[in-house]
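# Here is the input, now give the coordinates:
(2 chains)
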2 protein chains.
Amino acid sequence: MAQPKSMRDLLIEELRDIYHAEKQALRAYPKLMRKVSSDKLKQALQTHAEQTEGQVERLQQAFEALGVAARGKLCHAMEGLVEEAKEVMEQDLSPELMDAALIAAAQKMEHYEIASYGTVHAYANALGETEVAKLLEQTLAEEKQTDELLNKIAIDDVNKKAMKAA
Amino acid sequence: MAQPKSMRDLLIEELRDIYHAEKQALRAYPKLMRKVSSDKLKQALQTHAEQTEGQVERLQQAFEALGVAARGKLCHAMEGLVEEAKEVMEQDLSPELMDAALIAAAQKMEHYEIASYGTVHAYANALGETEVAKLLEQTLAEEKQTDELLNKIAIDDVNKKAMKAA
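Prediction:
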């Protein structure tokens, strides 16, 4: 796209960024899951990976509603987040510490998505694009729920086990 | 540091990551502010930049309480976030659209910090490091407040002006 000239252009640019980010996340989740030991954490990540496929579909619906092609644009931030997760996975950690470190990496990815969907939701609302706003609001709510669930698993389960194991 | 062998090591590693991230953010804020037109947004970023200096000091206090040197470790995620902000700043946008795009970039940086401080706060609590936990809790609350303030400025002010100007 040329330089954005309107809020609509800005919305489309930002949708392309999160579309690419979600696809990067989708590729990263199975790798994360292979390193996870906690059943609760594995289950939460599995559920979220399935949810993410639905979120990618919602983005495609949003592009369609806006009458533009569904395509991504390189998201440097998610690239950095995935790189950070990769560094964690390459460490030689006990299974309990690995879980505690992976949950942190996953929550950082989650927070990128919360910020991004918050933005596109606000842009769509400002534009009066109610159908698009509704789609993005659903995803934003899911991302926040996932983050809260990961918080709970970290505090109630994973971090406690990591303390005992050390 | 060698591979983390305990929750304490993991906490220190993560503190080094956010310490580096905050320093990267501190270097980025003045560049962002130079591109901002909205007085409200400029004021919010100025206040947050000053707050960030206090947050860096709190991290130094946390390192001291843990008896380790205050030093950072390259944070790829914040590097990606700053790169993304830089791409926004290099675009040829109207002042109103630039503000709307910059607020999004700032909120993404904010959310990285929220995720990271959430993690180190949980680790410090699990370890019974109450002094450290208290320091990190203060910063976490500030980061969340900043994000909420930016949300409000985006929705009530910046996005509306961007709509009118386009």
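# just so I have it, where are all the helices in chain A?
Ranges of helices in chain A, per DSSP state H, are A:7-35, A:39-66, A:76-90, A:95-126, A:130-153, A:159-165.
# quick one: the second one to chain centroid distance?
Averaging C-alpha coordinates over helix A:39-66 and over its chain gives two centres that are 9 Å apart (C-alpha atoms, centre = their mean, to the nearest Å).
# what is the orientation angle of it with helix A:95-126?
Relative orientation of helix A:39-66 versus helix A:95-126 (axes from the mean of the first three to the mean of the last three C-alpha atoms, to 10 degrees): 20 degrees.
# how about helix A:39-66: buried residues?
Buried residues in helix A:39-66, defined by neighbour count with 16 or more other C-beta atoms under 10 Å in any protein chain shown: A:41-42, A:44-45, A:48-49, A:52, A:55-56, A:58-59, A:62-63, A:66. Yep, even glycine has a C-beta here, placed from its N, CA and C like the rest.
# Now flag whichever of these is closest to B:Lys160.
Nearest to B:Lys160 among the buried residues of helix A:39-66, counting by C-beta to C-beta, is A:Leu66 at 20.2 Å.
# Might you report the residue contacts of the residue of chain A found nearest chain B?
Closest to chain B within chain A is A:Gly80: 2.8 Å, counting by C-beta to the nearest C-beta. Neighbour list for A:Gly80: B:75-81, B:83 [criterion: C-beta atoms under 8 Å, 6 or more residues apart in numbering or on different chains].
# And the residues you listed, which of them are buried?
B:75-81.
# circling back: now distance to B:Glu137 and pLDDT too, for the buried residues of helix A:39-66, in CSV please.
As requested, the buried residues of helix A:39-66 are arranged in CSV below (distance: C-beta to C-beta, whole Å; pLDDT from 0 to 100):
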residue, distance to B:Glu137, pLDDT
A:Leu41, 24, 97
A:Lys42, 29, 97
A:Ala44, 24, 97
A:Leu45, 27, 97
A:His48, 27, 96
A:Ala49, 31, 96
A:Thr52, 31, 97
A:Gln55, 31, 98
A:Val56, 35, 98
A:Arg58, 35, 98
A:Leu59, 35, 98
A:Ala62, 37, 98
A:Phe63, 41, 98
A:Leu66, 41, 98
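# Kindly reformat these as CSV containing distance to chain B.
Shown next, in CSV, are the buried residues of helix A:39-66 (distance: C-beta to the nearest C-beta, whole Å):
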residue, distance to chain B
A:Leu41, 14
A:Lys42, 19
A:Ala44, 16
A:Leu45, 16
A:His48, 15
A:Ala49, 19
A:Thr52, 17
A:Gln55, 17
A:Val56, 19
A:Arg58, 19
A:Leu59, 16
A:Ala62, 16
A:Phe63, 18
A:Leu66, 15
